[in-house]
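> Any chance you could fold what I've pasted below:
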Amino acid sequence: MSKQIINHEEAKGLVVKKLTEAGLVTEHAEKVAEVLVHADLRNVNSHGVLRTEHYVNRINAGGINTNANISIKKTGPVTGVVDGDDGFGHVVGDIAMQNAIDMAKENGVGMVTAINSSHCGALSYFVQKAALQNLIGIAMTHTDKIVVPFGGKESFLGTNPIAYGVPAKNHKPMILDMATSNVALGKVLQYKEEGKDIPPGWGVDETGQTVTDPSKVVYLSPFGGPKGYGLSLIVDIFSGLLAGAAFGPHVAKMYDDLDKKRKLGHYFCAINPAFFTDTDTFLEQMDTMMDELHDVPPAPGFSQVLVPGEIEQMNEEKNLKDGIAIASTVYEYLTK
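Sure, this is the predicted structure:
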């Protein structure tokens, strides 16, 4: 697949242009572009600017409100609910996390659910937002069904990602952002395109049997068997049921029914270490923990033990200087 290297600011501008041409208000288009480029900078291209075309298609079909009146209802000193008014999840999520951050600064913790939302992009963006303000960030969202429950042969759950961001003093924040499926569907499709077998445990056929031929994958498997399955249910409870949104098989499909509003739910939390311990000590101990992990002797085939999110942060540093790599077809779409 041929790639195009492009400056991240140029990429942002191209996404904003496409979205505003489709009718999205500029302020919202800028936030969506920022979240997408954040993913590409980290080489998480599955959540990057390649999503723009799908979003434009959904706008054109009437599945996203281009001038959403997003509102927050404070339900207590540390709780709130954001109503996304069927707008872009990236904007909804940003407003929800900002409110959680404000509550955590004042009262130690903030928890905000979001309803009437849509696909919100990489969760790392939102938890990093909290971590850069010396708060611990947590984010969860449900997605449409593609993953079998442990022991089942039909899908019930989405890839249901969960993310944590933890600040440190001198090191960059630790960012854990992971799907509760073994891999993303995009990874299976990539192996199919490259004509390679997938490892056992990535996906199953229509009988629920694990397969290594990517073309036979009908559903994905949860990571770690019953453990990933359990965690996926928790994500659906926090971002679906707790938000008053749908769960499992009732979550609207991303790539079908583009004219229908998806009504997704999300969960965001910010925690202020200062309400539990001394902030400076906490941040210094995070640095120490990371340093000591780096000092663990590496196993054969590894050069160093890394902490979650570190590879993506190295990618970001490099790509901020050199530009982001996007598929040529995506570049052509953005520039035509």
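> What average pLDDT does stretch 65-81 get?
Rounded to a whole number, the mean pLDDT of stretch 65-81 is 97.
> what about that stretch, start to end distance?
With CA to CA, to the nearest Å as the measure, the first residue of stretch 65-81 is 19 Å from its last.
> Excluding sequence neighbours, find me the nearest residue to Thr210.
Closest residue in space to Thr210, ignoring its immediate chain neighbours: Pro200 at 5.1 Å, by CB to CB, 6 or more residues apart in numbering. To be clear about C-beta, it is placed using only N, CA and C from the backbone, and glycine gets the same treatment.
> Provide a list of residues in contact with Asp280.
By CB atoms under 8 Å, 6 or more residues apart in numbering, the contact set of Asp280 is Lys169.
> element containing it, please.
helix 279-294 (DSSP states H and E).
> Now that helix - C-alpha only, CSV.
In CSV, the C-alpha atoms belonging to helix 279-294 read as follows (Å, rounded to 0.1, in the frame of the first residue of the first chain):
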residue,chain,number,x,y,z
THR,A,279,0.7,15.2,44.3
ASP,A,280,4.4,15.8,44.0
THR,A,281,5.2,12.5,45.7
PHE,A,282,2.7,10.7,43.4
LEU,A,283,4.2,12.2,40.3
GLU,A,284,7.8,11.4,41.5
GLN,A,285,6.8,7.9,42.3
MET,A,286,5.4,7.4,38.8
ASP,A,287,8.7,8.5,37.4
THR,A,288,10.5,6.1,39.7
MET,A,289,8.2,3.3,38.7
MET,A,290,8.8,3.9,35.0
ASP,A,291,12.6,4.2,35.5
GLU,A,292,12.6,0.9,37.4
LEU,A,293,10.5,-0.8,34.7
HIS,A,294,13.0,0.4,32.1
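> please begin residue numbering at 125 from this point
Noted, 125 is the first residue going forward, which turns the last one into helix 403-418.
> Pull out the buried residues from that helix.
Taking 16 or more other CB atoms under 10 Å as the basis for neighbour counts, the residues of helix 403-418 that come out buried are 403, 406-407, 410, 414.
> Quick check: what element follows it along the chain?
Past helix 403-418, further along toward the C-terminus, the next helix or strand under DSSP H and E is helix 434-446.
> could you point out which element follows that following helix?
Scanning the chain past helix 434-446 towards its C-terminal end, the next helix or strand to appear is strand 448-451 (assignment: DSSP H and E).
> pLDDT averaged over that following strand, what's the number?
Confidence over strand 448-451, taken as the mean pLDDT, stands at 93.
> Please point out which parts of it sit buried.
Those buried within strand 448-451 under the rule 16+ other CB under 10 Å are 448, 450-451.
> Can you tell me which helices and strands it packs against?
Applying 3 or more CB pairs under 8 Å, 6 or more residues apart in numbering; DSSP states H and E, one finds that strand 448-451 makes contact with strand 127-130, helix 132-145, helix 150-165.
> Tell me which of these sits most buried.
When these are scored by mean count of other CB atoms under 10 Å, the highest mean neighbour count falls to helix 150-165 (a mean of 22).
> got the angle between it and helix 132-145?
Using axes from the mean of the first three to the mean of the last three CA atoms, to 10 degrees, the direction of helix 150-165 lies 140 degrees away from that of helix 132-145.
> what's the helix or strand that helix 150-165 is followed by packed up against?
Proceeding N to C from helix 150-165, the next assigned helix or strand is helix 176-185, under DSSP H and E. Helix 176-185 is packed against helix 132-145, helix 452-459, with contacts defined by 3+ CB pairs under 8 Å, 6+ apart.
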